[in-house]
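Peer 1: Pasting the sequence and the predicted model now:
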Amino acid sequence: MTDRVDTTTDTQLDAPVAPKRSPLHAVHEAAGATFTDFGGWLMPVRYDSDLAEHHAVRSAAGLFDISHMAELAITGQQAAAFLDAALAANVSAIALSRAKYTMILEPDGGVIDDLIVYHNAPGEYLVVANAGNRDVVVAELAERIRGFDASLHDGTEAIALLAVQGPRAEEVLRATDGLAEDPAVAMGHTIADLPYYACMGVRFRGAAVLLARTGYTGEDGFELFVEAGRAAELWAALTDAGAPFGLVPCGLAARDTLRLEAGMPLYGHELTRDTLPAQAGLGRVVPLKTKTADFVGRAAVEAGPADGAPVLVGLAAEGRRAARAGYDVLDADGARIGVVTSGALSPTLGYPIAMAMIDPASAAVGTALAIDVRGTALPARVVPLPFYTRPDRTA
Amino acid sequence: MADTASLQYTEEHEWVAVDGDIATIGITAYAAEQLGDVVYLDLPSVGQVVTAGTVVGEIESTKSVGELYAPVDGEVVAVNEAAVASPELVNAEPFDGGWLIRVRFGSLPTSLLTADEYATRTGA
């Protein structure tokens, strides 16, 4: 039996660089995790069973190490003006302690990366980028910052990022020994009342922690930014507090099936340099009406995608055979009309789901299509995104 | 519990248990662990004639697809319907309840590995 997972490596003249390790690497090894190289970092794929980890996040809580993500600190008098020009978001309109999901674009509108920008302190912004795009995002921002009274600092390797996601996430945090609210840094929030896409400072045994109510699973949850040296201690405290609530450590495999069910894009799949935001259903994320400032890619976004440019849809199929990234999407006549960008057998829903970029002429909800699964045509139909919405939220 | 030391193995991480002219075939615990949670099995039909070294099925997990090779020439006489219905059996009992197919064969190939040779291959 051989794996048909794509394990090709780039042919390079230089020896391949060894992947970076998270500050929590030893913890994951001790927990029996299986690792993979993701964006240049050796990260846990699963600890025990990715299905069990997925179900835990939907029903209780999961603990993720996402320290591979890039953390870029922007400071200075013109920090907001610089980010307004560099990113799609209306950064100067982000109130202190709030955050926005956004993108950094090419002049032709193509997506370089999707990001979250946090207004995490007066005069300061935190930009969190994908690990695999850290170098290009830093290079672009370093270029775009010229002429602005602002500074960019890449703090990635000094910062650990942990996520607690699931309906019981808040209970886990409130039960965590050593995690304390501090009004001096809380920016007016409490853990219980922290709104979605807001952040606050808290303390963990004296160390500064930035706590954000953001996530990538479609559940309630939090992300915790802490100095790398305290990461293992915080992980242990969360683990201990979470045990009675059913908290389990979760790897990248579960993270991927969770975000797919929640209809969230993954860079390199739904978002690429050849994709305009509107093609990926992210047109509304670019605030053209309320943001008057020019930004890189604005003209292209205003002009819109070319006629007939592929658009992102959700597909649902019967049976239990997963469609996977790269499989062809076919119309009722068997003609190729697009390609799957992400796919899996949905653990929560029990049927195969996929996101795909297809001919807009076939993109209406309900359209009957098929996916070429290794030579067999799997019937599928276009469904609205997201596939899954958590019970206490309207879609 | 199967006596894994007495089984024979293939380069493709399958085990072969021989009883007379019937070979029972499955994937090893090593293979099941590499795959992760198995969610779908595509197995040949009873009566299908198979050729050693060719792909006769697929073992699909949440993250990847593994190919099932026939280790012998012969005719498929049984398929594990319980595993088809509950693919997680392959992870839970790769050498027992998670068996995949049974094949009536003429002669065994000489290329099968012993337990020790297979252990060397996986660095066990």
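Peer 2: All right, it came through fine. Values in this document were obtained by computation on a predicted structure and should not be read as measured data.
Peer 1: Chain A contacts on chain B?
Peer 2: By CB under 8 Å from any CB of the partner chain, the residues of chain B that approach chain A are B:12-14, B:27, B:31, B:33-37, B:39-40, B:58-60, B:62-69, B:91. For the C-beta atoms, the positions are set from N, CA and C on the backbone; glycine is no exception.
Peer 1: Report the buried members of those.
Peer 2: Neighbour-count burial (16 or more other CB atoms under 10 Å in any protein chain shown) applied to these gives B:12-14, B:27, B:31, B:34-37, B:39-40, B:58-60, B:62-69, B:91.
Peer 1: Not counting residues beside it along the chain, what's closest to the residue nearest the centre of chain B?
Peer 2: Closest residue to the average C-alpha location of chain B: B:Gly26 at 2.1 Å, with CA atoms, centre = their mean. Closest residue to B:Gly26 in three dimensions, ignoring its sequence neighbours and counting by CB to CB, 6 or more residues apart in numbering or on different chains: B:Trp99, at 4.3 Å.
Peer 1: what's the spacing between the one you found and chain A?
Peer 2: B:Trp99 sits 14 Å away from chain A, going by CB to the nearest CB, to the nearest Å.
Peer 1: which residues does A:Leu247 contact?
Peer 2: Taking CB atoms under 8 Å, 6 or more residues apart in numbering or on different chains as the criterion, A:Leu247 is in contact with A:Ala56, A:Ala60, A:Ala61, A:Gly62, A:Leu63, A:Val164, A:Gly166, A:Arg168, A:Val172, A:Leu238, A:Thr239, A:Ala241.
Peer 1: Quick check: of those residues, which has the highest neighbour count?
Peer 2: Most neighbours among the contacts of A:Leu247, by other CB atoms under 10 Å in any protein chain shown: A:Gly62, with 31 neighbours.
Peer 1: Relative to the strand or helix carrying A:Asp372, what are the paired strands and their orientations?
Peer 2: For A:Asp372, the host element (DSSP states H and E) is strand A:368-373. Here strand A:368-373 has these sheet partners by DSSP bridges: strand A:328-330 (antiparallel), strand A:376-383 (antiparallel).
Peer 1: Could you pull out the buried residues of that strand?
Peer 2: Buried residues in strand A:368-373, counted by 16+ other CB under 10 Å: A:Leu369, A:Ala370, A:Ile371, A:Asp372, A:Val373.
Peer 1: Go through these and name the one nearest chain B.
Peer 2: Distance to chain B across the buried residues of strand A:368-373 (CB to the nearest CB) is lowest for A:Val373, with 9.5 Å.
Peer 1: Pull up the gap between the closest one and A:Thr348, please.
Peer 2: Distance, A:Val373 to A:Thr348, using CB to CB, to the nearest Å: 21 Å.
Peer 1: what do you get for B:Gly26?
Peer 2: Taken as CB to CB, the span from B:Gly26 to A:Thr348 is 29 Å.
Peer 1: For chain B, which segments are assigned as helices?
Peer 2: Secondary structure of chain B by DSSP state H: the helices cover B:29-35, B:81-85, B:88-92, B:115-122.
Peer 1: for the closest residue to chain B within the stretch 51-200 of chain A, what are its contacts?
Peer 2: Proximity to chain B, evaluated over the stretch 51-200 of chain A using CB to the nearest CB, is greatest for A:Leu51 at 4.6 Å. A:Leu51 is in contact with A:Ala254, A:Pro347, B:Asp37, B:Val39, B:Thr62, counting by CB under 8 Å, 6+ apart.
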